[in-house]
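Visitor: Quick one, fold the following:
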Amino acid sequence: MSLKAIAAVLGLSVTTVSRALNGYQDVAQETRKRIEAEAQRRGYRPNAAARRLKTGRANAVGLVCPPGASPLSGSDFSDMLLALEHHLAGYDINLLLLTDKQQNPPALTRLLRSGAVDALIIGHTRPDDYRLHALLQTDFRFLTLGRSDLPATYAWFDVDHLAGSQLAVEWSLAQGRRRIAWLGSEENSSRARDRRQGYLTALGDLAPYAMAAVAPTRRAGYQQTRQWLAEGPMPEVIITDCGALAEGAAVALHQAGRAAGEDAILLAGWEGLPGDAILDHPIVAIRQATPHQAGEQVAEMIVRLIEGAPPETLQTLWQPWLQLPA
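Guide: Okay, here's the model as predicted:
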């Protein structure tokens, strides 16, 4: 279907139709919507190569994550990625997965200069993130998954990790449990730090029973829990900062006969147990929005950023909640 046919039906010039469908901002919004609706009805798709030449856009967004980061191997992150990719495709924007193999600002600079992407999504944000330092010295568009300690003048999407851990501790204390252990990951991310700080903040004047920073794996969660069970006095509650650690802890509790009954040690944790967990175990899950909702939200934010919305207007903090076992 040609631009000429769409223009004739709507009583507009071919130039106006072309500029609206190719992303130019000098077409009135109401007119643009009419054109896009008619084009969609007729199944019209603009030529991607011609569109790039006219607009100077790559029609692509890069998602930057370090290899080996725990979110990359999690099912929730994979589901979020699929939703993000699907939603961006509705805007004819491709999603490219990029890995920063080392702290290498020159490599990041070369990527930006290449024009291969219109914006970046920075995953696994660290408290003092070299990638953000480099990007803030440019005018390139980017959005972070998580926040850093840098001045918040950039676009970001995050969950209130501190508040979620506080909810779990407050629930534990309400059950009359005071020996509350924290089983967290050792990774250098703002997310891991804030979840741990929420645990400490909620305890107030109560001293932490035990704290561990280990690899975010089932094996590490299992081994650390076994160690606590052997030392005594045993914890009354174990709170984990990711699903893999929670599953490892659950296996150790089952083997020790501490999963149910009067001697049960309560288990709480971010994200609950993984979807492919090998056993069922009652857990107080610290929930956030579904991966699908998060993917759609991030997609909408990055599209608005590409269209020129000020970064400081694109900052979203979602609140977590507790899901008690049935």
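Visitor: contacts for stretch 253-272?
Guide: Residues outside stretch 253-272 that contact it (Cβ atoms under 8 Å, 6 or more residues apart in numbering): 74, 76, 161, 164-165, 168, 171-172, 175, 177, 183, 195, 225-226, 229, 234-243, 245-246, 249-250, 279, 281-288, 323. Using the backbone N, CA and C atoms, a C-beta is placed for each residue, glycine as well.
Visitor: need the helices for the stretch 101-250 of the chain, in chain order.
Guide: 105-114, 130-135, 161-174, 190-203, 218-231, 243-255 (DSSP state H, counting those that start in this stretch).
Visitor: most neighbours per residue, which of those helices?
Guide: For the helices of the stretch 101-250 of the chain, ranked by mean neighbour count under the definition mean count of other Cβ atoms under 10 Å, the leader is helix 243-255 at a mean of 24.
Visitor: tilt between that helix and helix 218-231?
Guide: 40 degrees (axes from the mean of the first three to the mean of the last three Cα atoms, to 10 degrees).
Visitor: Would you mind identifying the next helix or strand past helix 243-255?
Guide: strand 266-270 (DSSP states H and E).
Visitor: Can you name the secondary structure element that comes next after that next one?
Guide: strand 284-287.
Visitor: Just the C-alpha atoms of whatever helix or strand comes next after that next one, please, in PDB.
Guide: Under the assignment DSSP H and E, the closest C-terminal helix or strand after strand 284-287 is helix 291-306. Written as PDB, here are the backbone C-alpha positions of helix 291-306 (Å, rounded to 0.1, in the frame of the first residue of the first chain):
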ATOM      1  CA  PRO A 291       8.200  -9.200  34.600                       C
ATOM      2  CA  HIS A 292       5.700  -8.500  31.900                       C
ATOM      3  CA  GLN A 293       4.600  -5.300  33.500                       C
ATOM      4  CA  ALA A 294       8.200  -4.200  34.100                       C
ATOM      5  CA  GLY A 295       9.100  -4.800  30.500                       C
ATOM      6  CA  GLU A 296       6.200  -2.800  29.200                       C
ATOM      7  CA  GLN A 297       6.900   0.000  31.500                       C
ATOM      8  CA  VAL A 298      10.600   0.200  30.600                       C
ATOM      9  CA  ALA A 299       9.700   0.100  26.900                       C
ATOM     10  CA  GLU A 300       7.200   3.000  27.200                       C
ATOM     11  CA  MET A 301       9.800   5.100  29.100                       C
ATOM     12  CA  ILE A 302      12.600   4.500  26.600                       C
ATOM     13  CA  VAL A 303      10.300   5.400  23.700                       C
ATOM     14  CA  ARG A 304       9.400   8.600  25.400                       C
ATOM     15  CA  LEU A 305      13.100   9.300  26.000                       C
ATOM     16  CA  ILE A 306      13.900   8.800  22.300                       C
END
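Visitor: What residues sit buried inside helix 291-306?
Guide: Residues Pro291, Ala294, Gly295, Glu296, Gln297, Val298, Ala299, Met301, Ile302, Val303, Leu305, Ile306 are the ones in helix 291-306 that count as buried (16 or more other Cβ atoms under 10 Å).
Visitor: Show me the two of those residues that sit farthest apart.
Guide: Pro291 and Ile306 (22.5 Å; Cβ to Cβ).
Visitor: residues touching the closest residue to Pro235 other than its chain neighbours, list them.
Guide: Of all residues not flanking Pro235 in the chain, Ala181 sits nearest, at 3.9 Å (Cβ to Cβ, 6 or more residues apart in numbering). When contacts are counted by Cβ under 8 Å, 6+ apart, Ala181 is found next to Pro208, Tyr209, Ala210, Met211, Ala212, Trp228, Pro235, Val237, Ile238, Ile239.
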